[in-house]
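Participant: Predicted model and sequence below, questions to follow.
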Amino acid sequence: MNTVKLSDGTKIGRNTFDARVFRAKKVMKENFIHNHGYLYCIECGKNQNGCERIAASHLISVDECVKSGQSEIAYDLKNMLPMGQKCHREFENLSKIQRYARYLAEKEK
């Protein structure tokens with residue numbers, strides 16, 4: 001797929017989309033460190049020394065955002081939280097409804 005659809009019906013190139021997601025992940029981590037002093041897993045509270053690699057984890061997966069035609073959610077900072085790999089794997093086991101509810105809760109913050 002060379003383009004992805006946004007919720008307003010417009011399409012953007014996949015390379016542009018991927019660049020936006022990459023940049024949003026970087027900004028999310030920078031903002032988190034600025035606000036909290038260091039990067040840690042939001043689920044277990046452990047930092048890089050006590051947790052597997054911490055990454056920007058999507059509440060609603062990139063795949064789901066693209067498939068739903070709401071691709072811009074994939075680079076919405078409220079759709080990302082820092083999680084270690086173990087916590088991320090556990091989070092991925094939640095239903096789509098549970099993940100979407102978490103996203104809505106984060107948007108309200």
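Facilitator: Yep, that arrived.

Participant: hey, where'd the strands end up in the protein?
Facilitator: Counting by DSSP state E, the chain has these strands, from start to end: 3-5, 11-13, 54-58, 80-84.

Participant: highest average neighbour count across the ones you listed?
Facilitator: strand 80-84 (a mean of 24; mean count of other C-beta atoms under 10 Å). To be clear about C-beta, it is placed using only N, CA and C from the backbone, and glycine gets the same treatment.

Participant: Kindly export that strand (C-alpha atoms) in CSV.
Facilitator: Taking C-alpha atoms only, strand 80-84 is exported to CSV below (Å, rounded to 0.1, in the frame of the first residue of the first chain):
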residue,chain,number,x,y,z
MET,A,80,1.7,6.3,22.6
LEU,A,81,3.0,5.4,26.0
PRO,A,82,6.5,4.2,27.1
MET,A,83,6.5,0.5,27.8
GLY,A,84,9.1,-2.2,28.2
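
Participant: coming back round to it: redo the strands of the chain as CSV? Include distance to Leu39 and mean pLDDT.
Facilitator: Formatted as CSV, the strands of the chain follow (distance: least, C-beta to C-beta, whole Å; pLDDT from 0 to 100):
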stretch, distance to Leu39, mean pLDDT
strand 3-5, 28, 96
strand 11-13, 29, 97
strand 54-58, 6, 93
strand 80-84, 6, 95
